[in-house]
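Colleague: Next comes the sequence, and after it the predicted model I'd like to discuss.
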Amino acid sequence: MLSELTAIRYVTPLREGGSLPGIVEAADLGTYVVKFRGAGQGPKALVAEVISGELARRLGLPVPQLVVVELDPVVARAEPDEEVQELIKASAGANLGMDYLPGALGYDPVAHPVDAELASRTLAFDAFVENVDRSWRNPNLLIWHGGLWLIDHGATLYFHHNWPRAGQVVHRAYKWDDHVLKPYATALATAGPELAAQLTPALLEEVIGLVPDEWLAEFDFAGPGEARDAYLGHLVARAAQPSAWLPGAGAGSA
């Protein structure tokens, strides 16, 4: 299970994000970037954050710690922005927190060259989870203490926005032409298959199991167990055929 923390203070909104995340202080006195279940993307974005973020971590990729933040809207009563107030009111209960990296810089592909192995593994991971949000326009990468960090995976797993069609796109190729790390991913031919081999059913079941039941309860399934089975079936089937989605290995090559 992800660690569960209680929010004790709403610090400030982060207006760079379209979903209006905010910095929140939790009971452990740590600060977290919180993505709210009441945002326009809904709980499916939080599900994608957990499954993809925790999968990336287990694959050895640098992702800030993820936690579940229990939110009582009263913690934001001093926030003057009415839009933020409404968002907080709609987000009572469990929300997603990501460890705040103070002083982190936005990634610049010219100023921050990336090791070929890390770039290649990141690109292969993004291909598997169909991350449409790692382009040069919006890298969702940070530089902190000299290292690269992967953030914001709410736009991954977009098959779950249309479950009736999910089976038809399980082996969909990944469009990687504008992936921000493509110029540095020169070890993809070896790093890609190595990462794909790590995508075992047991690993996928483990990360899917980290999603709080209440985020799954809003889906069009009989219950959280059925929803987990649907995610697992889709991702296991995709992992079984890496030639379909791994850049350079098949239809997704460019």
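Modeller: That came through fine. Numbers count the residues shown, from 1 in each chain.
Colleague: buried ones in the worst-scoring helix or strand of the chain on mean pLDDT?
Modeller: Lowest on mean pLDDT, DSSP states H and E among the helices and strands of the chain sits helix 82-89, with a mean of 91. The neighbour-count check on helix 82-89 (16 or more other C-beta atoms under 10 Å) flags 84-85, 87-88 as buried. Using the backbone N, CA and C atoms, a C-beta is placed for each residue, glycine as well.
Colleague: Could you do stretch 190-203 as well?
Modeller: The neighbour-count check on stretch 190-203 (16+ other C-beta under 10 Å) flags 191-192, 195-196, 199, 203 as buried.
Colleague: returning to that earlier point: following the least confident helix or strand of the chain, which helix or strand comes up?
Modeller: Next in sequence after helix 82-89, counting helices and strands by DSSP states H and E, comes strand 93-99.
Colleague: strands paired with the helix or strand just after that following strand, and their directions?
Modeller: Sequence-wise, the next helix or strand downstream of strand 93-99 (DSSP H and E) is strand 105-106. Using DSSP bridges, the strands paired with strand 105-106 in its sheet are strand 141-144 (antiparallel).
Colleague: What segments of the stretch 1-150 of the chain are strands?
Modeller: 4-13, 22-26, 31-35, 66-71, 93-99, 105-106, 141-144, 147-150 (DSSP state E, counting those that start in this stretch).
Colleague: Columns mean pLDDT, mean neighbour count and distance to Asp213 on top of those, output as a markdown table?
Modeller: Converted to a markdown table, these look like this (pLDDT from 0 to 100; neighbours: other C-beta atoms under 10 Å; distance: least, C-beta to C-beta, whole Å):
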| stretch | mean pLDDT | mean neighbour count | distance to Asp213 |
| --- | --- | --- | --- |
| strand 4-13 | 95 | 16 | 13 |
| strand 22-26 | 96 | 21 | 21 |
| strand 31-35 | 97 | 23 | 18 |
| strand 66-71 | 98 | 22 | 11 |
| strand 93-99 | 97 | 22 | 9 |
| strand 105-106 | 96 | 12 | 35 |
| strand 141-144 | 98 | 19 | 30 |
| strand 147-150 | 98 | 18 | 26 |
